[in-house]
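J.: starting from these lines, generate the structure:
(chains A and B)
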Amino acid sequence: MALLGASGSGKSSLLNLLAGLDSPSVGTVIVEGQSLAGLSREQLAKYRRHTVGMVFQSFNLIPSMSVLENVELPLRFAEVERTKRGAMAMSALEKVGLSGRLKHRPIELSGGEQQRVALARALINQPRILLADEPTGNLDSRTGTEVMDLIRQLNESLKMTVVLVTHERDLAEKYARRLIFLADGKVVTDQPNSARTPAGVQS
Amino acid sequence: MKLYDSIELAARNLRESVLRNSLTTLGISVGVASLVAMLSLGIGLQQLASRRLQRSGLFDSIVVTSRRNLRSFDREQEESGPAPAESPDLNETARLKIANVSGVVEAYPDLRFITEIRFDEKPHLTMVAGLPYSSKDGDSFEGMQGKFFSSTDAHEVILQKSFAAELLGKPSHGAQEINVAEVARPLLGKQVVMRYSERESTGSDAASFSVISHEMTLTIVGVTDLDPDSMRGSARARVFIPQTLIEGMHPMQAYDMRTSGGGTSEQPIYGDVVARVSGAGKVDAVEQAIKTLGFNTFSILDATKSMRRFFAILDLFLGIFGSLALTVASIGIINTLVMAILERRREIGIMKAVGASDADVRGLFFAEAGAMGLLGGVCGTALGWIIGRVINFGTNIYLNRQGFPPEHIWSVPVWLVAGAIGFAFVVSLLSGLYPAARAARLDPVQALRYE
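T.: Residues are numbered from 1 along each chain as shown, chains lettered A, B, ... in the order given. Presented below is the predicted three-dimensional model:
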């Protein structure tokens, strides 16, 4: 599913609402049948930890931590046993196609590699929903395509819903099964992507 | 997040801006050091003072006086017990009663008189007092030259060093500067002649007596460095003879004239009786028990009570001054952590986005504050200890130049070390409260907004 719209149309705000990072002043956010409005701050943190994973345009890796430590970070908050963390992080990195340079700091990696690290971090707690905010915005088109291919592959192999925020209509039409257009904070159209979606497949 | 993870992340963050955090920690160290320095000076001075008092050997003694004693009349009267006119005489019966009070090791009459001591054909006027054989092991004979009396009634004498100096024709004032070994050497084993007046009863009435003058030759066996009779103030004796000997002499006492009018009993009446207590801790209780017998009491502990109050106040003020530096340091912690929040806004936002709860973020900042406090506390205590050692060393060099023995004016007990580190830790955590709460409240959406 792709959220489309010009800048300021409210697509990122909607994503933040879905992530439980923000709360709506009017209305309720319902994810998997559960209203986020009724959750405490602590429960919202738990929701972000286990139900959703996030990737951002600017990667948002912690610069002082190595690749491996960045990927492991959510496991610390999820209180996963220290001994299991290494293997889990490795397997997440494997899924995004990274194996070397694990001790390097994010700044030493290319943009595409950094976004893969961010993806691995988003996947590590096996979320059911991946929220991607302009994931290709800081990448050249070739790397952007690689990352998007990877996201699609994860969507299919892990049976994980992907919500993609983008202002690039081409990208959305190429990868998403459902397109939602936003303008001034309102949904303009919500339609299946005729270019891609085989009938009956839910995103 | 588990505590271990918080600490690990905190340590990582502290290392990231090592200069700023080191400076903050240094601030805490200096604060703790000043606190430790101030308090250990207070404790050291207090210990020095009580050591001095303890060495006087009178810590466990109570002086008992009769309420009938003229000396008591102009004193403030005890509220409990009988009025002076009805109170019992301080005589042999009373002495035995006092000796039987639980906790009292012995009770002996304090016998003293001013007389003439002849040495080398020259007369010297001084106060002579009896000294019980049991005081042999007292601290007041620390550093004494020669030895204690050979028996309970030996014809022997122990001199205070200022009197020994006087006998040798040296100036006897400035007792501190007299070298005891120097004045003892020519005197030990020599003989002095003591003149005294025996009080001899004439008939059954104790009130009438005659006075017979005697002379007694005594051998000098010891010269004391300290002043065993310091509690007596201006009436203190500088010549001591065995208690049993002085009791057998029935010397005329200064108060004999005063009590003669009212003395109706057949027993001699004592001016004061000294009760020795088995430990300084029991002095209070024994004093109370003797007061209910109808006598007045005085002990050094009464005097030390006010001393202890003085030191409690001194410690309090030194502690407050020391704490001021720590307060400044804790503001440093707040400042450093608030700066760290501004600097790490994005990082906090990321952590929240990947599932950190408010408590996780708060815990992280707390751990940072605590780590700085703990480290600062340990370094500061060490620093304070070193400062103390240096000042102690310097003071002793000064004391040595002035010809005084070295003193330990600096004391850092274990509880102070633990207390200072714990205090620094707690103060740091308190300083971390506000920054931690602020970091936890940070809005992740704003923190993550693309910059």
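
J.: does the closest residue to chain A within the stretch 1-150 of chain B count as helix, strand or coil?
T.: Nearest residue of the stretch 1-150 of chain B to chain A (Cβ to the nearest Cβ) works out as B:D5 at 4.5 Å. Every residue, glycine included, has its C-beta placed from N, CA and C. Three-state assignment for B:D5 (DSSP: H, G, I helix; E, B strand; the rest coil): helix.

J.: now it: how far from B:L187?
T.: Plainly put, B:D5 is 78 Å away from B:L187 if you go by Cβ to Cβ, to the nearest Å.

J.: interface residues of chain A facing chain B?
T.: Proximity of chain A to chain B is confined to A:16, A:19, A:21-22, A:41-42, A:45-46, A:48-50, A:54, A:56-58, A:60-62, A:64-65, A:73-74, A:76-79, A:82, A:121-122, A:125 under the rule Cβ under 8 Å from any Cβ of the partner chain.

J.: tell me which of the residues you listed fall in helices.
T.: A:16, A:19, A:41-42, A:45-46, A:48-50, A:73-74, A:76-77, A:82, A:121-122 (DSSP state H).

J.: what about A:V165, distance to A:F77?
T.: Distance from A:V165 to A:F77, by Cβ to Cβ: 24 Å.

J.: related to what we said a few turns ago, buried ones among the residues of chain A next to chain B?
T.: The neighbour count (16 or more other Cβ atoms under 10 Å in any protein chain shown) marks A:16, A:19, A:21-22, A:45-46, A:48-49, A:54, A:56-58, A:60-62, A:64-65, A:73-74, A:76-78, A:121-122, A:125 as buried among the residues of chain A next to chain B.

J.: what's the helix or strand B:S162 falls within packed up against?
T.: Per DSSP states H and E, B:S162 falls inside helix B:161-167. For helix B:161-167, the packing partners by 3 or more Cβ pairs under 8 Å, 6 or more residues apart in numbering or on different chains; DSSP states H and E come out as strand B:122-131, helix B:180-184, strand B:209-224.

J.: and the ones you listed as a markdown table, adding distance to B:S40, mean neighbour count and mean pLDDT?
T.: Formatted as a markdown table, those follow (distance: least, Cβ to Cβ, whole Å; neighbours: other Cβ atoms under 10 Å in any protein chain shown; pLDDT from 0 to 100):
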| stretch | distance to B:S40 | mean neighbour count | mean pLDDT |
| --- | --- | --- | --- |
| strand B:122-131 | 38 | 18 | 88 |
| helix B:180-184 | 32 | 18 | 83 |
| strand B:209-224 | 33 | 16 | 85 |
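
J.: and of these, who's closest to B:Y196?
T.: Taking Cβ to Cβ, strand B:209-224 is the member of these nearest to B:Y196, at 5.7 Å.

J.: the domain parsing of chain B - what is it?
T.: B:3-54+B:307-448, B:58-300 (automatic domain parsing).

J.: going by mean pLDDT, which of those comes out lowest?
T.: Ranked by mean pLDDT, these bottom out at domain B:58-300, with a mean of 77.

J.: helices along the chain, start to end?
T.: Because you didn't say which chain, this covers chain A. Going by DSSP H, chain A shows helices at A:11-19, A:41-50, A:67-77, A:82-95, A:111-123, A:141-157, A:169-175.

J.: my question was about chain B
T.: B:3-16, B:18-55, B:70-73, B:92-100, B:161-167, B:180-184, B:243-249, B:256-259, B:283-292, B:300-343, B:345-353, B:358-401, B:414-441, B:444-448.

J.: quick revisit: can you say which of the domains of chain B is packed in most?
T.: Comparing the domains of chain B by mean neighbour count (mean count of other Cβ atoms under 10 Å in any protein chain shown), domain B:3-54+B:307-448 ranks first with a mean of 19.

J.: return the residues in contact with the residue in the stretch 251-400 of chain B that chain A sits nearest to.
T.: At 2.9 Å from chain A, B:G355 is the closest residue in the stretch 251-400 of chain B, using Cβ to the nearest Cβ. Going by Cβ atoms under 8 Å, 6 or more residues apart in numbering or on different chains, B:G355 touches A:45-46, A:48-50, A:74, A:77-78, A:125.

J.: returning to that earlier point: pick out the most distant pair among the ones in helices among the residues of chain A next to chain B.
T.: A:N16 and A:R82 (31.3 Å).

J.: tell me which parts of the stretch 101-250 of chain B are close to chain A?
T.: Within the stretch 101-250 of chain B, no position is near chain A by Cβ under 8 Å from any Cβ.

J.: what residues does stretch B:9-16 touch?
T.: A:64-65, A:76, B:21, B:340, B:344, B:364-365, B:367-368, B:370-372.

J.: for it, what is the distance to the chain centroid?
T.: Here stretch B:9-16 is found 47 Å from its chain centre; the criterion is Cα atoms, centre = their mean, to the nearest Å.

J.: now swap in stretch B:155-167 and tell me
T.: Its chain's average C-alpha position is 28 Å from that of stretch B:155-167, according to Cα atoms, centre = their mean.

J.: now swap in stretch B:440-448 and tell me
T.: Taking Cα atoms, centre = their mean, the mean C-alpha location of stretch B:440-448 is offset from the chain mean by 59 Å.

J.: contacting residues for B:A237?
T.: B:112, B:126-129, B:160, B:229.

J.: grab the nearest non-local neighbour of the residue in chain A that chain B sits nearest to.
T.: In chain A, the residue that lies nearest chain B is A:R49 (2.9 Å; Cβ to the nearest Cβ). Residue nearest to A:R49 in three dimensions, not counting chain neighbours: B:G355, with 2.9 Å by Cβ to Cβ, 6 or more residues apart in numbering or on different chains.

J.: distance of the one you found from A:R152?
T.: On the measure of Cβ to Cβ, B:G355 and A:R152 end up 25 Å apart.

J.: then B:I386?
T.: Applying Cβ to Cβ to B:I386 and A:R152 gives a distance of 66 Å.

J.: ditto for B:A356
T.: Taking Cβ to Cβ, one finds B:A356 at 29 Å from A:R152.

J.: same deal with B:V193?
T.: 122 Å.

J.: over to A:T51?
T.: 21 Å.

J.: what's the answer for B:S134, then?
T.: Taken as Cβ to Cβ, the span from B:S134 to A:R152 is 101 Å.

J.: what mean pLDDT does stretch A:109-125 have?
T.: According to the model, stretch A:109-125 has a mean pLDDT of 93.

J.: tell me which residues of that stretch come out buried.
T.: Applying 16+ other Cβ under 10 Å to stretch A:109-125 flags A:109, A:111-125 as buried.

J.: pull the contacting residues for the residue nearest to A:G112 when sequence neighbours are not counted.
T.: Counting by Cβ to Cβ, 6+ apart, A:G112 lies nearest to A:T143, which is 3.7 Å off, once chain neighbours are set aside. If a contact means Cβ under 8 Å, 6+ apart, then A:T143 has A:110-112, A:115, A:136 as its contacts.

J.: I'd guessed A:N193 sits against A:E173; true?
T.: Yes: using Cβ atoms under 8 Å, A:N193 is in contact with A:E173, at 6.0 Å.

J.: ok, residue 29 - contacts?
T.: Defaulting to chain A. A:17-18, A:20, A:23, A:35-37.

J.: could you do chain B instead?
T.: Counting by Cβ under 8 Å, 6+ apart, B:S29 has contacts B:376-377, B:379-380, B:383.

J.: of the residues you listed, list those near chain A.
T.: Among the contacts of B:S29, chain A is touched by none when using Cβ under 8 Å from any Cβ.

J.: returning to what we had before: ok, the residue of the stretch 1-150 of chain B closest to chain A touching A:R76?
T.: Yes: the pair B:D5 / A:R76 is scored as a contact, 4.5 Å apart, by Cβ under 8 Å.

J.: ok, A:T189 - how many residues close by?
T.: If you count neighbours by other Cβ atoms under 10 Å in any protein chain shown, A:T189 ends up with 10.

J.: thank you, goodbye.
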